[in-house]
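> below is the sequence, then the predicted model.
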Amino acid sequence: MNHLEKELNYPLGETLPEAGQKLQVAPGVFWLRMALPFALNHINLWLLRDHFNGEDGWCIVDCCLDSAESRADWEQLFDHGLEGLPVVRVLATHMHPDHLGLAHWLCERWQVPLFISATDYHTARTLVATPDERHSGQAMAFFRSHGLVDPQVFDALGDSSLQFVHMVPALPAQFVRLMDGQVLCIGDNEWHCISGYGHAPEHIALHCPALNVLISGDMVLPRISSNISVFDSEPLADPLRLFLHSLTRYAHLPADCLTLPSHGKPFTGLHTRIAQLIDHHDKRLAELSSALADKDLSALEAMSILFTRQLDAHQITFAIGEALAHLHYLWYGQQAMRYLDEQAVYRFKPTAATTRP
C-alpha cells in the first residue's frame with residue numbers, strides 16, 4: 001500500500017470475492033471479480049438486486065471481456081449465485097473491452113436489454129465494424145507522427161489478440177440509452193447517472209443516495225489513475241481537460257460515500273481520492289512544463305519523463321497516448337505550441353509567454 005492509499009479507508013480490508021462467486025458490499029449490491037490477461041489483472045463487476053419489466057432478478061453492471069475464462073466464471077455464478085432468479089438487464093459503464101466484451105453474450109443468453117450511453121455504444125459499433133488492418137495502419141501512422149520508431153511496439157499494434165474486435169466480437173443489436181442526470185430504478189433503489197469524459201467517450205457512473213454507494217467505473221480508482229489518452233481516431237482531442245472537469249461532478253456526494261471502482265477495492269474517501277488524482281495530473285503537467293523550458297518535446301520523449309518504469313510494448317502505446325493528453329492540455333491552454341519537424345514528427349515548445357530564456 002502506498003502513502004496515498006493510506007489516506008483512504010477500505011471497509012472490507014483484504015477480503016476479495018472468489019472466482020465465480022459474489023460478495024455483498026451493501027444491501028442488494030454484490031461484488032464480482034474476474035481475471036484479465038493484462039498488467040491490470042482484474043476487473044470488478046457488480047450485481048444488483050432488481051425488479052424490471054415485472055420480474056424480480058438481477059442487474060449486471062459491467063461484463064468483462066469475451067474469453068473462455070470469463071464465460072466460465074459467469075456460468076458458475078449463474079449455476080450457484082443467482083438465488084433462483086434470472087438476470088433481467090445488463091448495464092455497461094462504458095465501452096472498453098473489459099466492461100463491454102461479454103455484453104452480447106449476456107444479453108442474448110438472458111434475452112435482456114443492454115443499458116449504455118449512446119456515445120459509447122456507437123463508438124464500440126464502429127470499432128467492431130472497422131477491419132483490423134485499416135485500424136492498425138492508421139494507428140501506426142499516428143504513433144510515427146509522435147516519434148515512435150520501435151518495431152516491437154508496431155508489432156504489438158498488429159497483434160490480433162489485442163484488437164478491440166477480438167475482445168468485443170459483437171454487440172447487442174439494440175440498446176437502452178443512459179444519459180447524465182437520468183434516474184434508474186433498480187430494485188428498491190434509485191441510481192443517478194453521472195456522465196464522465198476523458199477516459200471513455202461518455203462514461204456513466206451510478207450513485208445511489210439511499211445506499212450512499214457510488215459505482216465509479218473507471219472514473220475514480222483507488223490505486224491508479226485511469227488512462228487518459230489521445231488516440232488515432234481523435235488525434236486533436238483534449239481528454240485530460242475533460243477528465244479533470246468530470247471529477248468535479250462528484251463534489252455533491254457525501255464524504256463517506258462507499259465507492260465501488262472497476263479496479264482495486266471498495267473504499268471510502270471519495271473526495272480525498274479525487275484531490276489526489278487532480279494533484280497527480282497537476283504534477284505531471286508541471287514536470288512537462290519544466291522539461292519544455294529546456295527543449296522541445298515529442299510525445300515519445302514526454303512519455304519517458306512521465307513514465308520512468310519499464311513498459312512493455314502494449315503499455316507503451318497507452319503511455320504515449322497519455323503523454324500526448326498532457327501535452328495537448330498545455331497546448332490548448334496556450335502554455336505550449338505544436339509544430340511538425342523535418343522528420344514529420346509533432347513537437348511541442350513553450351509559447352511566447354512561457355518561452356525559455
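Noted; the coordinates are in hand. Please read these numbers as outputs of a predicted model, since none were measured by experiment.
> show the subsequent helix or strand relative to the longest strand along the chain.
In the chain, with assignment by DSSP state E, the single longest strand is strand 42-52. Downstream of strand 42-52, the next assigned helix or strand under DSSP states H and E is strand 55-61.
> what sits against M167?
M167 is in contact with 65-67, 97-98, 101, counting by C-beta atoms under 8 Å, 6 or more residues apart in numbering. Every residue, glycine included, has its C-beta placed from N, CA and C.
> same question, W105
66, 71.
> what's the distance between it and D120?
18 Å (C-beta to C-beta, to the nearest Å).
> now do D256
30 Å.
> quick one, helices of this protein?
Secondary structure of the chain by DSSP state H: the helices cover 68-80, 97-100, 103-110, 118-129, 132-144, 151-157, 164-167, 239-247, 270-292, 299-306, 313-332.
> buried deepest among the ones you listed, which one?
Mean neighbour count, computed with mean count of other C-beta atoms under 10 Å, is highest for helix 97-100 among those, reaching a mean of 27.
> which strands and helices lie in contact with that one?
helix 164-167 (3 or more C-beta pairs under 8 Å, 6 or more residues apart in numbering; DSSP states H and E).
> avg pLDDT for the helix it packs on?
Mean pLDDT, helix 164-167: 90.
> export that helix as PDB, just CAs?
Extracted C-alpha coordinates of helix 164-167, given in PDB (Å, rounded to 0.1, in the frame of the first residue of the first chain):
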ATOM      1  CA  PHE A 164     -10.900  -4.400 -29.900                       C
ATOM      2  CA  VAL A 165     -12.900  -6.800 -32.000                       C
ATOM      3  CA  HIS A 166     -11.000  -9.800 -30.600                       C
ATOM      4  CA  MET A 167     -12.200  -8.800 -27.000                       C
END
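> roughly how far is it from the heart of the chain?
16 Å (C-alpha atoms, centre = their mean, to the nearest Å).
> check stretch 274-294 too.
Centroid separation between stretch 274-294 and its chain, computed with C-alpha atoms, centre = their mean, is 21 Å.
> neighbouring contacts of that stretch?
By C-beta under 8 Å, 6+ apart, stretch 274-294 touches 4, 7, 220, 225, 228, 240, 243-244, 247, 250, 297, 302, 305-306, 323, 326-327, 329-330, 335-336, 348-350, 354, 356.
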